[in-house]
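Participant: I need the structure of the sequence given here:
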Amino acid sequence: MFETFIMLFAVIDPIGSVPVFLAVTSRHQDKDKRGIALWAVFVAACILVGFIVIGQPLLEAIDVPLPAFQIAGGIVLFLFALSMIFGDSKPDEEVEIVRSGKETAIFPLAVPSIASPGAMMAVVMMTDNNSVDLSDQILTTVIMLVVLAITLGLLMSAGFIQKCIGNAGASIVSRVMGLILASVAAAQVLEGIKIYYQL
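Facilitator: The predicted model follows:
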């Protein structure tokens, strides 16, 4: 359960979403900021739950075995993690998107900041119908919702967090999460190879 929480926390990266939220809502009143945070997290939750429910059936419908998706997802997660470690951190990259004029709660806050492509792939791989029973899938969904609740709490207190850690602090946290995510991604690739070749 703790491993699941760490992986979801890494791919969703609640702390990294704080500077993005601050940039998106810089010209809004406090009341509007709360509404934007609620709406963004709600949309992200709907997207991720949707991937949990229909992600694997969709793959099976197009005849893609889950181990292949797990390997591909692990590689993409690894590349995503490398971009968090060596490239622009999520705050830097997505704040730049906001500065280009796309200042809405949905983009880039809900997608791709909270419900990132890495998070979408992670929830599908972690709820494999063939190897994970229903109770564990429900538990994973609950843990994901807990992480989203933490994200909402951080967004609600974004002003205070900004004063405490600043953009530099959020970038450091994002890079540490990237290192953890890279390790998890490597494990996903190895596990996918093991299952595919029945080792």
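Participant: after the worst-scoring helix or strand of the chain on mean pLDDT, next one along is what?
Facilitator: The helix or strand of the chain with the poorest confidence is helix 90-99; it has a mean of 55 (mean pLDDT, DSSP states H and E). Using DSSP states H and E, the helix or strand that directly follows helix 90-99 along the chain is helix 117-126.
Participant: and that next one, how far from the chain's centre?
Facilitator: Helix 117-126 has its C-alpha centroid displaced from the chain centroid by 8 Å (Cα atoms, centre = their mean, to the nearest Å).
Participant: one more: stretch 11-20?
Facilitator: 8 Å.
Participant: return the set of buried residues in that stretch.
Facilitator: Neighbour-count burial for stretch 11-20, counted by 16 or more other Cβ atoms under 10 Å, picks out 11-20. In short, each C-beta sits where N, CA and C put it, glycine included.
Participant: mean confidence for that stretch?
Facilitator: Mean pLDDT, stretch 11-20: 81.
Participant: ok, which stretches of this structure are helices?
Facilitator: Under the criterion DSSP state H, the chain contains helices at 2-12, 17-24, 30-61, 66-85, 90-99, 117-126, 134-156, 158-196.
Participant: how about those in CSV, adding distance to Phe107?
Facilitator: Output for the helices of the chain, formatted as CSV (distance: least, Cβ to Cβ, whole Å):
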stretch, distance to Phe107
helix 2-12, 16
helix 17-24, 9
helix 30-61, 10
helix 66-85, 18
helix 90-99, 8
helix 117-126, 13
helix 134-156, 16
helix 158-196, 18
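Participant: determine which stretch of those is the most buried.
Facilitator: Of all the helices of the chain, helix 17-24 carries the top mean neighbour count, a mean of 26, counting by mean count of other Cβ atoms under 10 Å.
Participant: other SSEs contacting it?
Facilitator: helix 30-61, helix 90-99, helix 134-156, helix 158-196 (3 or more Cβ pairs under 8 Å, 6 or more residues apart in numbering; DSSP states H and E).
Participant: what distance separates it from the middle of the whole chain?
Facilitator: What separates the centre of helix 17-24 from the centre of its chain is 15 Å, taken as Cα atoms, centre = their mean.
Participant: and for stretch 61-77?
Facilitator: That offset, for stretch 61-77, works out to 17 Å (Cα atoms, centre = their mean).
Participant: and for stretch 9-18?
Facilitator: Mean-position distance between stretch 9-18 and its chain equals 7 Å (Cα atoms, centre = their mean).
Participant: equivalent analysis for stretch 80-87, please.
Facilitator: Taking Cα atoms, centre = their mean, one finds stretch 80-87 lying 14 Å from the centre of the chain it belongs to.
Participant: name the residues that touch that stretch?
Facilitator: The contact list for stretch 80-87 (Cβ atoms under 8 Å, 6 or more residues apart in numbering) reads 10-11, 13, 90, 93, 116-118, 174-175, 177-179, 181-182, 185.
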